[in-house]
Each structure stands twice: as structure tokens, then as C-alpha cells.
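J.: Give me a 3D structure for the following:
(chains A and B)
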Amino acid sequence: MADSDIRYYILFENYEQGLALHDLLSSNDIKNRIAPAPRAIQGKLSCGMSLLIEPTDIDAVRACIAEHNPAYYDIVPLEGQIKSHRDKYC
Amino acid sequence: MSDYVQMWKDLGMDLETHDLLCQVLPTAVGDVYLTQENRPKAMDFWDLVISEVHGIRPAELIAAQKEGRKVFGTFCVYVPDEVVVAANGIVTGLCGGSQFWVPGGETVLPKSTCPLVKASVGARLGKTCPFFRIADMYVGETTCDGKKKAYEILGEDVPMYIMDVPQMKREKDILKWKDEIAEFAKTVEEFTGNEITSEKLSEAIHIINEKRKALQRVYDCRKSECLPISGRDALLMTQISFFDDPVRCAQMCNRLADELEQRIADGVSVVPAGTKRILITGTPLAVPNWKLHNIIETSGAAVVCEEMCTGTRYFENLVDESKTTLDEQFMALSERYMKTNCACFTPNTGRIDDILRLCKEYKVDGVIDCSLKFCCLYDTEKYSVSRALKEAGIPVLSLETDYTDTDAEQLRTRIGAFVEMLNG
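T.: So this is what the prediction gives:
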């Protein structure tokens, strides 16, 4: 996947909600990865976890959420967040 | 909602500046970790921990403090966790691994101080790291001159205890370290209000040994020609092990090792066959210092072992669990810790023996010997390390770096050329 492609971040009010959705998606074989929530989209939320979803999986994620109604705060698309050779460390 | 903001306020943190740190960490984690494919499922735990690095564990520590427990912050693998655990205390690592904290350290330290020391001081004085705010007592040691002077400055701001690490490894030095451990135990007893009995110390020794065994299990998997985990993931596991509860740490590492052993049995590797295998040796890589690993592993090689404090020095060698009196146990602790081969000792030929042994065990194609800028001890040992490796026919690349991004391109060029040379 190109570095500039859009990915989706699912935000939560707490990590317990995030882990619950992570388990739900994983048990339905829907790819998702635990990731720190980019600060730019967190708003009032504390620094914490999000779930990173590839574009190819977002429809399945939305369908799973619609079926099971798990708690989450928002789903936000973001472009160009991940670049293996950016060499910006912290 | 996880109200970490209120927790950080209560800790007296500088929220505005801390928010800047919260902005850069997700980018680094994304670039270093989320670009990897086929990672072990068990890494979910460490992904969560690093995502909530200033949230979950600090909240646990504060909850423990409310129950009367004390938190001890440490900076060196020579400080015996067992003593603190035996007094129902909690250990948390405090080494700073971020450039974010360096300028704060430079307000009181010379620029010509190693970045780890500057970052550690900056994290405390800048009030931007909850762990540095939470620790009730800092435990320093005399493994480097920069740290010794930094501890004097930190000691003006927080209760500080210094352990005097010997500089040689004669029998009398091992006895001296035993006495230092016994004196530290008295301080820990007074500070916690809890007596350290031989039974409690025995239990603590077992807990920490189990953690060491679990870390070793993961590292043993990295010896396989079928490499089931990246160096970046293994490094993150090791870095977090300094902060986590030791029992949970062992559980999570064993769970990861279970998966890695299965991956090896199934032939699942994170790199193509023939990828050159690198051992890194040198100064520690405190979280979130992932620069070297990321550059190596995005340059066509794989890191299979770290001969460093955030690596084998942390968990190799167990404490003898057969001793039943405090005196014997303190001696057993001293004997184990004095096997750790730090460049502060003279002579330190044991480190070279370790590197050569690890090269064989981990089937290493080449060694990268990297020290942090202004660490004259490890920088000086590059001469003898390089000579021994050349005599053994193992290619070696010696590097020096810091926490900035400014030398990344230069490192990419040098490491890329080294990997190309290994590929012949």
C-alpha cells in the first residue's frame, strides 16, 4: 500500500472499548491493528489507543459495527500517516 | 472516558508541552510498527501499551500508591529489582529515550552529555512524563560520570538513592556489591515501612527470574533461521519490560514465545529467506528510541539480537534460588548482577566473550556496534570489540548516534552499504 493512501482510525473514549471492538473484529476475521490515535483527530479524548483499518476492510468493519453495536467514539479517515522511510522519530 | 488529563494535572505535569509529545509519538509508532506486515498476534499487548504509554501503567502505579505501595524509579540493569519487590515496592524504568526531552536536560547539563542522561533529566524537570512524576524515590548508580552528576541535580528535586557499582570484578568487588545490595535493602525497608525477610526475598527472586526466563524464551526464538519476529518488535517488548509488572510481563512474554515457537514450527518468517542477520551491541535503546532498528530493518537486514542493557544484559543469568538466608541471598544477587558486562568495568573482556558467543547462537552475519554520542566508555570499547570480531571473521560496523533525526540519512547510507557488503 502506498504511503499516501487513506487509512481509517476508530477512536474510543477508553481503551476498554477499543479492546472490545478489537476482539469483536478479530473474532470475525476482520483485519484491524491497535495503534496510537493521531493527536490531530483526537479532539477532547486523552492520548490513547485507536484501531487502524485499511481501506479494503472498512466496509466489513462498518457492517460488523452495525450488526453488533459496540461502543466507539468516531471513525476518521486520514491520509499519509504511515511512512516507513520518513525517519521522524520522537 | 479515560480521564488521563485529570491524572496528568494531579501529577503536576506541563499539559501544554506534554501535548506536543502526544503529537509525535503516534507518527513514530505508525512508521516503525504499523508498516510491518505479518507481525505476531501477541504483539497486540505491546501495541496497546505503547498506545497508552502515559495512561494505563501510570494509572496502575497511582492506584498502588493509594494502597500504600512505593514506586522506585531506576536507570540501570545493575539495580536489583528483587530487593524492591521483596518490600512490596514497584520498580519502573526511567531512562529517557526521546529527543523531546533533551533540550530540557541541556538547560542544566552540558550539551556534551549523552542524550540518554539529558533526556532523563529533561523528562523530570520538564514535567512531561508521568513516570518521572510518579516515582517516590529514584535509585541511581555509579556506572557513568554523566549519570553521577545528573543524579546530583535530580536529587535536588526528588528523593534519590545512589548505589556504588564497583569498577572491577575481583572477589572483593563482588563482596562490595553484596554489601551495597544489603544497604539498599535497608533503605528500601525504611522507605516502604516493610521488612524484607528471606521468604519475601526468595519469592521476589523467583518472580524476577521467571521474567528473565520468559524474555530469554522470546530471544531463543530469534536464534531460528526462520525468524518469527522482527528486531523492532523484540526491542519494544524489552523496552516495555522495564515498566511493566514483572508477573504480567512474564505472562505476556511467554504468550508471545508460545506463538513464536509455533511460527517456527509452521515455517512462518517475517523476512525472506537469506535476509542478513544483524546483532547490535552498545549503549541502551530506551523507549521510544527505535531509529537504529528501523533503519536496519528497512535497509534489507534483520536485527536478531541486542547485546545491550535493553537486550541480553537485562535477562541473561539467573539468581540462585536455593539460598535461604538474607546474607546468602544478597551474595547470590551480587554474583548474578556482577556477571553483567558493562563498559564501566575494567577489564571488560567478558563483553567481548558475550558478543562472540551471541554471534554463534543467533547465527549472525554482521555486527553493528553503536554508542550514543558522548558515551566515552562504549565508544572506547569499539576498538577491542572491532578487533575481536575481525579476528573471528565477523564483519562489524561501528557507529555513533544520538536521538535526533538529523543523522538518519547518513545512517541509512552507511548501514545500507554494510548490508550490501554482507549480501556480497
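
J.: unless I'm mixing things up, residue B:164 is touching residue B:142, no?
T.: Yes: at 5.3 Å, residue B:164 counts as touching residue B:142 under the criterion of CB atoms under 8 Å. For every residue, glycine as well, the C-beta is placed using N, CA and C.

J.: which one of these two has more residues nearby?
T.: residue B:142 (18 against 13; other CB atoms under 10 Å in any protein chain shown).

J.: Residue B:149 is in contact with that one, correct?
T.: No: contact criterion CB under 8 Å: residue B:142 and residue B:149 do not qualify, at 10.9 Å.

J.: Determine the number of other residues adjacent to the closest residue to residue A:50 other than its chain neighbours.
T.: Distances taken as CB to CB, 6 or more residues apart in numbering or on different chains place residue A:37 nearest to residue A:50, at 3.8 Å, with adjacent residues excluded. Residues near residue A:37, counting by other CB under 10 Å, number 28.

J.: Residue A:37 contacts residue B:55, doesn't it?
T.: No: using CB under 8 Å, residue A:37 is not in contact with residue B:55; the gap is 11.3 Å.

J.: tell me which residues of the helix of greatest length in chain A are tucked away?
T.: Selection of the longest helix in chain A by residue count, based on DSSP state H, yields helix A:15-27. Residues of helix A:15-27 classed as buried: A:15, A:17, A:18, A:19, A:20, A:21, A:22, A:24, A:25 (neighbour count, 16 or more other CB atoms under 10 Å in any protein chain shown).

J.: What mean pLDDT does that helix get?
T.: Average pLDDT, helix A:15-27: 96.

J.: Check whether the helix or strand just after it comes near chain B.
T.: Downstream of helix A:15-27, the first helix or strand assigned by DSSP states H and E is strand A:33-36. Yes: using CB under 8 Å from any CB of the partner chain, strand A:33-36 reaches chain B at A:33, A:34, A:35, A:36.

J.: what are the pairing partners of strand A:33-36, and which direction each?
T.: Neighbouring strands of strand A:33-36 in its sheet, by DSSP bridges, are strand A:49-53 (antiparallel).

J.: So what touches the partner strand?
T.: By CB atoms under 8 Å, 6 or more residues apart in numbering or on different chains, the list of residues contacting strand A:49-53 from outside reads A:7-12, A:15, A:18-19, A:21-22, A:25, A:31-38, A:61, A:75, B:30, B:34, B:47-48, B:51-52.

J.: any idea which helix or strand comes after it?
T.: The helix or strand immediately downstream of strand A:49-53 is helix A:58-68, counting by DSSP H and E.

J.: Can you mark which positions in that next one are buried?
T.: By 16+ other CB under 10 Å, the buried positions in helix A:58-68 come out as A:58, A:60, A:61, A:64, A:65.

J.: And that helix, what does it pack against?
T.: strand A:6-11, helix A:15-27, strand A:74-79 (3 or more CB pairs under 8 Å, 6 or more residues apart in numbering or on different chains; DSSP states H and E).
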